[in-house]
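> How does the following fold in three dimensions:
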Amino acid sequence: MSDAPAPAPDQAVPDLAVPDDAVPAPVLACPACGEPSPEGARFCEACGTPLAPLPPAGGSDDEARRDAADLDAADGGPAGPATSQHASEEAASAPDDGTPEPDARPCVRCGGRVAEDGYCTECGEPAASERDHWAERPATWVAGVCDRGVRHSRNEDAMALAASPSAAADRAFAALVVCDGVSSAPDSDVASLAAARAARDVLAAGAPEGTSPVVGEPTARVAAWSTLVADASRAAQDAILTTVGAMADRENPPSCTFVAAVVDGPLVVTGWVGDSRAYWIPDDGEAHQLSVDDSWAQEMMAQGIPRVQAESSPQAHAITRWLGPDAPDPVARTAATFPDRDGWVLVCSDGLWNYCSPAGDLAALLHATQERVGHDPQTVAGALVDWANAQGGRDNITATLARFDRSSDAASPELDPDLETTVPTT
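Numbering: from 1, shown residues only. This is a model prediction of the structure:
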């Protein structure tokens, strides 16, 4: 999570090894110790805490309504503009004897009933949330994983992705959006999810198959996409204002960072507000950070302070631009590039780059991860999240990837059914 200000973790040289026990999504992190457990596990293997299972993706309408209610309760309020009247009525009529309802998610610590406020009526602990660990995979070549981390009780990161079916098309399209809730502002998880999805929808409209496709030669499309990325940040800002309602009047209203990357054929356009980042990581050659942080640390580096010193300062994560009701300048700055080789576009929150900030170090980590787990983007993203948790998991972690393919025209394979998208319902 970004802060204004917040202490930064130590910037040591990272151990590029990926944990042997990396578990692909979906998993549920233990709310007591943070250890990831495989889908269907009833108890944490590390500490023995009871685990509530995540609901399956694509359930019935009733299941979806219950899932939305669980997510709203766990996050302390609606995570989006829609709420579930059906679930509210069920909760109002629930017995008050501490026994979980048959369709309710029980407390992960004691098995008691979770009340409407998201806390157990028996032990007082917060309920598990679908947002603790989730994944998106709109195409075989684009995926992301978002995780609560080890230290925080709530995941205030959010992501939203869109993509064309094949990376080998002349105008393969992908949009990766990551928003990181400001931890000093309560309910910033509400802001980040609303912002990410609103921005994603604006960018998806500009896709070749979208409702308002960007047209022209690649160089001409740079200006159009730069404008659309800025419009996406404005839409994200408007979504926050609409979603947070009366919370906008707080001294510290819900707020978040914003970063987006668009792949359109040979072109990559990036936009950002705050300190979430986009990187270009080629299979060979020099990696680059595509965004420029809006932060105290970046200002210090611009004055000649070494990166390690600036990013290890207590003020390092004080951001100078953000989205939210009190944002002074919510419009994204943009940059464009035309990569000349195969590689990855990585968009992430500081929960990942905190441990591996320079582009070269992050490239080495990603390449080592590929050698270990293969080239599937969801598996790689999940392994990067696992690696960050293994370093301490001090923050929420989001890693999204798009495979940039300049050399192969092979058709994309079918989606692996075990890696389908699993996302919060609201």
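> Just the buried positions in stretch 386-395, please.
For stretch 386-395, the neighbour count (16 or more other C-beta atoms under 10 Å) marks 386, 387, 388, 389, 390, 391, 393, 394, 395 as buried. Yep, even glycine has a C-beta here, placed from its N, CA and C like the rest.
> just stretch 164-184 next, same as before
Taking 16+ other C-beta under 10 Å as the criterion, stretch 164-184 shows 164-168, 171-183 as buried.
> Please enumerate the helices of the chain.
With helices called from DSSP state H, the chain shows them at 61-74, 85-92, 188-205, 218-244, 296-302, 307-311, 350-353, 359-373, 377-390.
> give me the number of residues near the spatially closest residue to residue 360 that is not a sequence neighbour?
With C-beta to C-beta, 6 or more residues apart in numbering as the criterion, residue 360 has its nearest non-adjacent residue at 5.7 Å, and that residue is residue 287. When neighbours are defined as other C-beta atoms under 10 Å, residue 287 has 21 of them.
> got it, and residue 370?
Residue 370 has 17 neighbouring residues, counting by other C-beta under 10 Å.
> show me the contacts for it.
Shown here is residue 370, whose contacts under the criterion C-beta atoms under 8 Å, 6 or more residues apart in numbering are residue 380.
> and the gap between the residue nearest to residue 236 when sequence neighbours are not counted and residue 228?
In this structure, residue 236 finds its nearest non-sequential neighbour in residue 195, 3.6 Å apart by C-beta to C-beta, 6+ apart. With the distance defined as C-beta to C-beta, to the nearest Å, residue 195 ends up 16 Å from residue 228.
> Those two: which has the busier surroundings?
Residue environment comparison for residue 195 versus residue 228 gives the larger neighbour count to residue 195, 35 against 23, counting by other C-beta under 10 Å.
> so the more buried one touches residue 258, yeah?
Yes: here residue 195 lies in contact with residue 258, judged by C-beta atoms under 8 Å, at a distance of 6.3 Å.
> Need the overlap of contacts for these two.
Residues touching both residue 195 and residue 258 (C-beta under 8 Å, 6+ apart) are 179, 236, 323.
> Same list, those residues, but as a markdown table with distance to residue 368 and pLDDT please.
Output for the shared contacts of residue 195 and residue 258, formatted as a markdown table (distance: C-beta to C-beta, whole Å; pLDDT from 0 to 100):
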| residue | distance to residue 368 | pLDDT |
| --- | --- | --- |
| 179 | 28 | 98 |
| 236 | 33 | 98 |
| 323 | 34 | 98 |
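> circling back: comparing the helices of the chain, which gets the lowest mean pLDDT score?
When those are compared on mean pLDDT, helix 85-92 scores lowest, with a mean of 32.
> Name the nearest residue to residue 359, ignoring sequence neighbours.
Once its chain neighbours are removed from consideration, residue 359 has its nearest residue in residue 287; the separation is 4.1 Å (C-beta to C-beta, 6+ apart).
> Also residue 141?
Excluding the flanking residues, the one nearest residue 141 by C-beta to C-beta, 6+ apart is residue 167, at 3.8 Å.
> In terms of pLDDT, where does that neighbour sit?
Here, the pLDDT recorded for residue 167 equals 88.
> Mind picking out the helix or strand in the chain with the poorest mean pLDDT?
Using mean pLDDT, DSSP states H and E, helix 85-92 stands out as the lowest-scoring helix or strand of the chain, at a mean of 32.
> What degree of burial does the residue nearest to residue 248 when sequence neighbours are not counted show, as a neighbour count?
Spatial nearest neighbour of residue 248, chain neighbours left out: residue 325 (3.8 Å); criterion: C-beta to C-beta, 6+ apart. Using other C-beta under 10 Å, residue 325 has 19 neighbouring residues.
> For residue 325, which residues are in contact?
Per C-beta under 8 Å, 6+ apart, neighbours of residue 325: 240, 241, 244, 248, 249, 253, 254, 255.
> quick check, nearest of those to residue 120?
Out of the contacts of residue 325, the one with the shortest distance to residue 120 is residue 254. That distance is 24.7 Å, counting by C-beta to C-beta.
> Tell me where the stretch 51-200 of the chain is predicted with low confidence.
Low-confidence segments of the stretch 51-200 of the chain (pLDDT under 70): 51-109.
> need the strands for it, in chain order.
Per DSSP state E, counting those that start in this stretch, the stretch 51-200 of the chain carries strands over the ranges 133-139, 142-147, 157-163, 173-180.
> Please identify the deepest-packed of the ones you listed.
When those are scored by mean count of other C-beta atoms under 10 Å, the highest mean neighbour count falls to strand 173-180 (a mean of 32).
> which strands and helices sit next to it?
With contacts taken as 3 or more C-beta pairs under 8 Å, 6 or more residues apart in numbering; DSSP states H and E, strand 173-180 sits against strand 142-147, strand 157-163, helix 188-205, helix 218-244, strand 258-264, strand 343-348, strand 397-404.
> partners of that strand, with directions?
Neighbouring strands of strand 173-180 in its sheet, by DSSP bridges, are strand 157-163 (antiparallel), strand 258-264 (antiparallel).
> Distance to residue 314 for those - can I get that in CSV?
Output for the strands paired with strand 173-180, formatted as CSV (distance: least, C-beta to C-beta, whole Å):
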stretch, distance to residue 314
strand 157-163, 22
strand 258-264, 24
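> And these: which comes nearest residue 361?
strand 258-264 (18.8 Å).
> now the angle from that closest one to helix 218-244?
Note on geometry: by axes from the mean of the first three to the mean of the last three C-alpha atoms, to 10 degrees, strand 258-264 and helix 218-244 are set 150 degrees apart in direction.
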